[in-house]
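**Student:** here is the input, now give the coordinates:
(one chain, ligands or ions: 1)
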Amino acid sequence: MLNIVLFGPPGAGKGTQADLLVKKYNLIHLSTGDILRSEIKEGTSLGLEAKKLMDDGLLVPDDVVIGMIKSKLDKNPKSQGFIFDGFPRTQKQAKELDNLLNHQSKSISIMLALVVDDKELIKRLLNRGISSGRSDDQDEKIIANRINEYNIKTTPLKDYYASQNKLHEISGTGSVLDIAKKLNNIIDNL
Ligand code: B4P
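**Tutor:** Numbers count the residues shown, from 1 in each chain. A predicted model of the protein is given here:
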């Protein structure tokens, strides 16, 4: 079983690489950002609450995203593995993910952390804001808040996985396919 945490700042290419990895390794893609955006689209109370925070570039409360992941794990007991994209983003989320997987006698196999400098991140997100209409990608102040949240609350998770010998850092700059090849090499050598 292969359970991957795909990690990196907003705009590092997590969603882009996750799409390729799920096909190659037949995994289930769990993106908390995508799940939250679908809640917003459906106008659920969870979505309305999350939208206020996402529009300010802030993280949604831990219990909300942990509940969403738990329900997806419960619905897919026979999966060959999962790719966690944009989750966990805090220490509490990382610990709860370990607990949830332990209960099913599973564990995280590897953390793949994409590294991209801030200037490139801002450029990519503003570009996506034009094409996708995502409101959190259209304003440099919101993007700066997201990068700040990442630096303060999320980056420490690298130490959490490094202490378990699961951290692999990869440059997320260059062509999408070249980056995918590097990720595949790491996974194939596990
Ligand atoms: P996410 O949906 O996770 O947003 P993201 O990090 O910006 O997206 P992603 O990383 O998937 O985009 P990608 O780099 O692939 O989260 C949005 C919000 O939801 C958060 O701010 C937060 O409020 C909330 N949230 C989500 N999960 C949460 C959690 N666990 N806890 C609390 N709150 C949570 O793509 C970016 C752009 O770069 C694309 O346009 C792509 O085409 C381009 N790109 C990708 N690879 C490239 C490359 N190699 N070269 C050039 N461009 C590239």
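**Student:** neighbours around Pro77, how many?
**Tutor:** Pro77 sits with 8 neighbouring residues when counted by other Cβ atoms under 10 Å. (Each C-beta comes from the backbone N, C-alpha and C, glycine too.)
**Student:** tell me the SS of it?
**Tutor:** coil (DSSP: H, G, I helix; E, B strand; the rest coil).
**Student:** my guess is it contacts His103, does it?
**Tutor:** No - Pro77 lies out of contact with His103 (Cβ atoms under 8 Å); the separation is 11.0 Å.
**Student:** the chain: helices as residue ranges?
**Tutor:** Using DSSP state H, the helices of the chain run over 14-25, 32-42, 45-54, 62-75, 91-103, 118-132, 140-149, 157-162, 176-188.
**Student:** ok, which of those comes nearest the ligand?
**Tutor:** Of all the helices of the chain, helix 32-42 sits nearest to the ligand, with 1.8 Å by Cβ to the nearest ligand atom.
**Student:** pLDDT score assigned to Gly133?
**Tutor:** Gly133 carries a pLDDT value of 89.
**Student:** make CSV out of the helices of the chain and add mean neighbour count.
**Tutor:** As requested, the helices of the chain are exported to CSV (neighbours: other Cβ atoms under 10 Å):
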stretch, mean neighbour count
helix 14-25, 18
helix 32-42, 16
helix 45-54, 16
helix 62-75, 16
helix 91-103, 16
helix 118-132, 14
helix 140-149, 16
helix 157-162, 16
helix 176-188, 14
